[in-house]
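Visitor: fold the following, please.
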Amino acid sequence: MARGSAPAGVSVVTVLRQAMLAVSRSERAERVISTSPLTRDVVKRYVADDIASAVADLTRRGLLVTVDHLGEEVTEREQADAAVAEYLALLGLLPAGADVSVKLTALGLRLSEQLAYERAADICRAAAGRGVTVTLDAEESDTVHGLYAVHTALRREHPDVGVVVQAYLPDSLERCEKLGGARVRLCKGAYTAPGAYTAPAEIDRSFVRCLKVLMAGTAYPMVATHDPRLLRIASTLAVLDGRDVTGFEYQMLYGVRPAEQARLAGLGSQMRVYVPYGDDWYAYLMRRLAERPRNLGFFLRSLMSRR
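Guide: A predicted model of the protein is given here:
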């Protein structure tokens, strides 16, 4: 094997993705990147600087939104309470039909599953009063059990609370089969886990298997991908399974393929944009680059350019 090449059976994309995920957890890399005077302009492409303005602009252009206040890994109950307060304030800025994406670790999941459930229930109750839905975001593999336990408990009182399924996990198909009637955001996944799919082709096949189950079943599929081939498969399955444009939606990240977002919305599809905001953007941005390594070149060029 040539020096610097990927191990046999492992693609360059996989190696790059794993490296970016490692960088996302590096405090030293975070200090270097987040303090660079050139970083802020790049971050603005993927993270909303003014959330009220960003939501108003997207809504005006016929796009739906799901908003994520960046922040995770709280270590004290007071931090979880502060996260809830931030979401309650955010709800006042959102139109009916919007969604908020919530990470349970920001609500104290690693302190107590009960704490995370109670804080999530507070957000769900307030969101329901404003005609806004809540979706529980997926995180590291050690939080998966807690994620689905809290989701199951919340659905008893808030049946429209959504949850994320990550196709890179080998039990993703089983998860989809169990989520009948739920709002399910299907994505490829932005983390690593023991025994998980790592090759892009494996993850894509898992995504399609999950998509088939969701489209044919009673769940409400939220197809979170920028992959043109997977988007075509989703639209084809929707037709074959008799779903009209109100029976599922597409979701894409803020700043990624905006022209395609506009095109889908122009066709009458439900196109929802995942809009993150807040100062704690570093880990989020590095995971997004890991998901789409092609964006890494853009990011590095932007950091090195003063134009």
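Visitor: so what pairs up with V164 in the strands?
Guide: R185 (DSSP bridges).
Visitor: so it versus D81, what's the distance?
Guide: Noted for V164: a distance of 24 Å to D81, by Cβ to Cβ, to the nearest Å. Glycine gets a C-beta too; all of them are placed from N, C-alpha and C.
Visitor: G108 too?
Guide: 9 Å.
Visitor: neighbour count winner among those two?
Guide: Using other Cβ atoms under 10 Å as the criterion, G108 and D81 rank with G108 on top: 26 against 16.
Visitor: you'd agree that one is up against A116?
Guide: Yes. With contacts counted by Cβ atoms under 8 Å, G108 reaches A116, the gap being 5.2 Å.
Visitor: got any ranges where this structure has weak pLDDT?
Guide: For the chain, applying pLDDT under 70 flags the ranges 1-41, 287-307.
Visitor: which stretches of it form strands?
Guide: With DSSP state E applied, the chain shows strands at 64-69, 99-102, 133-136, 162-166, 183-187, 220-224, 249-253, 271-277, listed in chain order.
Visitor: what would the ones you listed look like in a markdown table with distance to E177?
Guide: Converted to a markdown table, the strands of the chain look like this (distance: least, Cβ to Cβ, whole Å):
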| stretch | distance to E177 |
| --- | --- |
| strand 64-69 | 24 |
| strand 99-102 | 23 |
| strand 133-136 | 18 |
| strand 162-166 | 10 |
| strand 183-187 | 11 |
| strand 220-224 | 13 |
| strand 249-253 | 21 |
| strand 271-277 | 24 |
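Visitor: quick one: D204 and A96, what's the gap?
Guide: D204 is 35 Å from A96, by Cβ to Cβ.
Visitor: quick one on the thing from earlier: find residues that contact each of G108 and D81.
Guide: R119 (Cβ atoms under 8 Å, 6 or more residues apart in numbering).
Visitor: more neighbours, D204 and A96?
Guide: Taking other Cβ under 10 Å, D204 and A96 do not tie; D204 has more neighbours (18 against 7).
Visitor: export the strands of the chain to TSV and tack on mean neighbour count and distance to L211?
Guide: TSV is the format used below for those (neighbours: other Cβ atoms under 10 Å; distance: least, Cβ to Cβ, whole Å):
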stretch	mean neighbour count	distance to L211
strand 64-69	23	19
strand 99-102	24	20
strand 133-136	24	17
strand 162-166	25	10
strand 183-187	25	6
strand 220-224	25	7
strand 249-253	23	12
strand 271-277	23	16
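Visitor: which residues are in contact with Y168?
Guide: Here Y168 is in contact with 188-189, 191, 193, 196-198, 203, 206 (criterion: Cβ under 8 Å, 6+ apart).
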